[in-house]
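Chemist: Sequence and predicted model, in that order:
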2 protein chains.
Amino acid sequence: MAQKIKLSTIAETLGVSTATVSLALRDSPLVAITTRDKIKEQARALGYIYNRRAASLRTSRSGIIGVIVHDIMNPFYAEILKAIESELDRSQHTFILANHYDSVEKQRNFIETMLQLGGDGIIMSPAIGTPSEDLELAEENGMPAILVARTIDNVNLPAFRGDDTYGISLATNHLISLGHKVIAMVGGTDQTSTGRDRYQGYVNALRKADIEVLPELRISGPRTRQGGFEAAVNFLSLPLRPTAAVCWNDLVAIGLMNGIARAGLLPGVDISVTGYDDLEEASIATPALTTVWNGQSEVGRLAARALLDRLAGSHEPDGLHLIKPEMRIRQSSGPMKPRK
Amino acid sequence: MAQKIKLSTIAETLGVSTATVSLALRDSPLVAITTRDKIKEQARALGYIYNRRAASLRTSRSGIIGVIVHDIMNPFYAEILKAIESELDRSQHTFILANHYDSVEKQRNFIETMLQLGGDGIIMSPAIGTPSEDLELAEENGMPAILVARTIDNVNLPAFRGDDTYGISLATNHLISLGHKVIAMVGGTDQTSTGRDRYQGYVNALRKADIEVLPELRISGPRTRQGGFEAAVNFLSLPLRPTAAVCWNDLVAIGLMNGIARAGLLPGVDISVTGYDDLEEASIATPALTTVWNGQSEVGRLAARALLDRLAGSHEPDGLHLIKPEMRIRQSSGPMKPRK
């Protein structure tokens, strides 16, 4: 099989950034002439021809829009994608998709592939640790990028997500109003902007109600059903057992409820549980899950809209657009039962 | 935005097939010279140039492999995709993905896009009603296609899926062995090869046990949690109420169990339920779901392997490769309770 020479390969051999290579090969005045020549020579030496020919395609629109997220198996992303697809369909775009599983390298490969394919634009929930130059690589080559669900520091691109701090505080306040005082936060990590924001919302609500914030009540873990199911063991064996759990998302909440039920307790009666996202399955869980609507459909629709607007030449102001979450109260949360 | 001229547009204006257009533009001797000339003239008249330039890229491998399925939100497909990705990663392919939602047109757009991009190959679970010429379109243009999960009549391509007839008969036999005689089959459709095979497996098992097959016990419906949840109402109001359900997949089974629990009955005790697929969530459901392992990981791995082999020049025998399903007995199935 013919070896594909990537921009990043050329960049590595010369110790420059991928964005610089990309710009140099397109004769951008942003790169000094001597550097440009060195890069072009190296590209020739490595046999880099594919992309130059592909670049000629870029004079016209390909109709291709790329979407890359952490993992489309997560229904939270799947619901965003559904909204993007339904918005993009209307204007006859072809939609291609990839998972980065939080690998910056996988994500960079996808961006480079999209550039080589002459993609019109890219909608992404960036991998943890994405360097800003990877997004500049897309933008500076005429392929607009829109962020969903997560943001990256020091990058000023249109970004759409729910207001996590506010959303989690809604769920925490709801449990406090039911009389709960020992409330755990279950699932997720603090490595993403989302993680930090959600933990902050939980802390804010507790402090406002004069409830002490105990670090042992933060049970981190995978953002999956399996993660929530396994967290039930830690949750139920805490010395000061919580009467309620604010979960990272609906998947964790559904897993935790299953774990609680296996231990012979009734979720929603013995222990209150809240989710986050309001996935389709939240309302059909047993008990029906109290959760926070996180605006996936809005995030997807607005991101697709923003990209189409860019492609049509308009320039919306960049930056973060926050969608306001809303509480959905169902059967998985109830009044605190006095401890026996 | 520049209008993208598609092969199908040229085909429609001339009343010929897309495959014929594709072949004619590549000067294939399979198309009569007069037809070829007519097609090329029409292509020129419509301003079809993009693809001709893209075609020049096809002399070298792009490293891009496309995967298209009904809906990646369905964890059954997601698990197949995970296995494909993990196999393809090893050889540094870029993986792009699309949903066809059983639209033959969406699927054809994806195939055409893959051809225009110079994709190396395509792995697909074909849309209901896929004409064989759409697959020939890929194959005849040097882009091998591999089928997963579903097959298409009269198409001799490598195809990998579980043995559905056998798998469903395992689940039905398991329920019969527990004493159940009124067993419903819940969820899914008979429009796909999978649907016909599964119903046949259910019928075979009942007949072998001398149990009458009653058409009213076939409750068709969406293959989703929501579908199973909504089917519970029909299921519980049947004049001759079943004591067990063979469900189309794990999602339907989990939804049905939730619906049964809402009606105040205990799934696994009052009514036995079996799933199909053995998704990750089957074992953490409450009660833990008795189900049939459907070999998603094997299907994905073998399909990816078959594609890589083709790209390396080898030619495995075409046709269907069936993976043997296995029973996974857990808590959602139990002995029939005598009717009160």
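Modeler: Everything's here; your move. Numbers count the residues shown, from 1 in each chain, chains lettered A, B, ... in the order given.
Chemist: where exactly do the helices run in chain A?
Modeler: A:7-14, A:18-25, A:33-45, A:50-55, A:75-89, A:104-117, A:132-140, A:164-177, A:193-208, A:225-236, A:250-262, A:296-311 (DSSP state H).
Chemist: Get me the contact residues on the stretch 101-250 of chain A for chain B.
Modeler: When proximity is defined by Cβ under 8 Å from any Cβ of the partner chain, the stretch 101-250 of chain A lies next to chain B at A:Asn109, A:Phe110, A:Thr113, A:Gln116, A:Leu117, A:Arg225, A:Gln226, A:Phe229. C-beta here means a position set from N, CA and C on the backbone, and glycine is covered the same way.
Chemist: Determine which two of the residues you listed are furthest apart.
Modeler: A:Gln116 and A:Phe229 (41.8 Å; Cβ to Cβ).
Chemist: about what we covered before: closest one to B:Arg44 among the helices of chain A?
Modeler: Ranking those by proximity to B:Arg44 (Cβ to Cβ) places helix A:50-55 first, at 21.8 Å.
Chemist: avg pLDDT for the closest one?
Modeler: Averaging pLDDT along helix A:50-55 gives 40.
Chemist: A:Met327 contacts A:Leu170, correct?
Modeler: Yes. Checked against Cβ atoms under 8 Å, the pair A:Met327 and A:Leu170 is within contact range at 4.9 Å.
Chemist: Give me the common contacts of the two.
Modeler: A:Val292 (Cβ atoms under 8 Å, 6 or more residues apart in numbering or on different chains).
Chemist: With neighbour numbers in mind, choose between these two.
Modeler: Using other Cβ atoms under 10 Å in any protein chain shown, the more surrounded residue of A:Met327 and A:Leu170 is A:Leu170, with 21 against 15.
Chemist: coming back round to it: ranking the helices of chain A by burial, who's on top?
Modeler: With neighbours taken as mean count of other Cβ atoms under 10 Å in any protein chain shown, these reach their highest mean count in helix A:250-262, at a mean of 26.
Chemist: roughly how far is that one from the heart of the chain?
Modeler: 22 Å (Cα atoms, centre = their mean, to the nearest Å).
Chemist: any idea of the angle it forms with helix A:225-236?
Modeler: Interaxial angle, helix A:250-262 versus helix A:225-236 (axes from the mean of the first three to the mean of the last three Cα atoms, to 10 degrees): 50 degrees.
Chemist: Dump the helices of chain A into CSV; add distance to B:Leu289 as well.
Modeler: Listed next are the helices of chain A as CSV, based on distance: least, Cβ to Cβ, whole Å:
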stretch, distance to B:Leu289
helix A:7-14, 44
helix A:18-25, 46
helix A:33-45, 55
helix A:50-55, 48
helix A:75-89, 18
helix A:104-117, 32
helix A:132-140, 41
helix A:164-177, 29
helix A:193-208, 31
helix A:225-236, 13
helix A:250-262, 11
helix A:296-311, 27
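Chemist: can you tell me which residues contact A:Thr189?
Modeler: A:Gly195, A:Ser220, A:Arg223.
Chemist: Could you single out the nearest of the residues you listed to A:Ser62?
Modeler: A:Arg223 (33.9 Å).
Chemist: pLDDT-wise, what's the bottom of the contacts of A:Thr189?
Modeler: A:Gly195 (89).
Chemist: Could you check how far it is from A:Ile128?
Modeler: 9 Å (Cβ to Cβ, to the nearest Å).
Chemist: just A:Ala209 next, same as before
Modeler: In this view, A:Ala209 and A:Ile128 are 32 Å apart by Cβ to Cβ.
Chemist: For A:Ala288, the count of nearby residues, please.
Modeler: 17.
Chemist: do the same with A:Ile323
Modeler: Neighbours around A:Ile323, by other Cβ under 10 Å: 18.
Chemist: what residues are up against it?
Modeler: With Cβ under 8 Å, 6+ apart, A:Ile323 has these contacts: A:Phe160, A:Arg161, A:Gly162, A:Asp163, A:Asn294, A:Gly295, A:Glu298, A:Val299, A:Leu302.
Chemist: Can you tell me which of the residues you listed is nearest B:Gly66?
Modeler: Among the contacts of A:Ile323, and counting by Cβ to Cβ, the member closest to B:Gly66 is A:Val299, at 26.1 Å.
Chemist: Relative to A:Thr13, how far out is A:Ala312?
Modeler: The gap separating A:Ala312 from A:Thr13 is 39 Å, by Cβ to Cβ.
Chemist: now do A:Val213
Modeler: 50 Å.
Chemist: Kindly report the same for A:Val104.
Modeler: Taking Cβ to Cβ, one finds A:Val104 at 19 Å from A:Thr13.
Chemist: again, but for A:Pro338
Modeler: In terms of Cβ to Cβ, A:Pro338 sits 69 Å off from A:Thr13.
Chemist: do the same with A:Phe229
Modeler: For A:Phe229 relative to A:Thr13 (Cβ to Cβ), the value is 47 Å.
Chemist: Go ahead and confirm A:Val69 touches A:Pro75.
Modeler: No. In this structure, A:Val69 is not within contact of A:Pro75 by Cβ under 8 Å, at 11.7 Å.
Chemist: State the mean pLDDT of stretch A:327-337.
Modeler: 96.
Chemist: in that stretch, what counts as buried?
Modeler: Using 16 or more other Cβ atoms under 10 Å in any protein chain shown as the test for burial, stretch A:327-337 gives A:Arg328, A:Arg330, A:Gln331, A:Ser332, A:Ser333, A:Gly334, A:Met336.
Chemist: could those residues go into CSV alongside distance to chain B?
Modeler: Listed next are the buried residues of stretch A:327-337 as CSV, based on distance: Cβ to the nearest Cβ, whole Å:
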residue, distance to chain B
A:Arg328, 16
A:Arg330, 12
A:Gln331, 10
A:Ser332, 13
A:Ser333, 17
A:Gly334, 17
A:Met336, 23
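Chemist: is it possible to export the residues you listed to JSON lines including distance to A:Ile33?
Modeler: Listed next are these as JSON lines, based on distance: Cβ to Cβ, whole Å:
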{"residue": "A:Arg328", "distance to A:Ile33": "60"}
{"residue": "A:Arg330", "distance to A:Ile33": "65"}
{"residue": "A:Gln331", "distance to A:Ile33": "69"}
{"residue": "A:Ser332", "distance to A:Ile33": "65"}
{"residue": "A:Ser333", "distance to A:Ile33": "65"}
{"residue": "A:Gly334", "distance to A:Ile33": "71"}
{"residue": "A:Met336", "distance to A:Ile33": "71"}
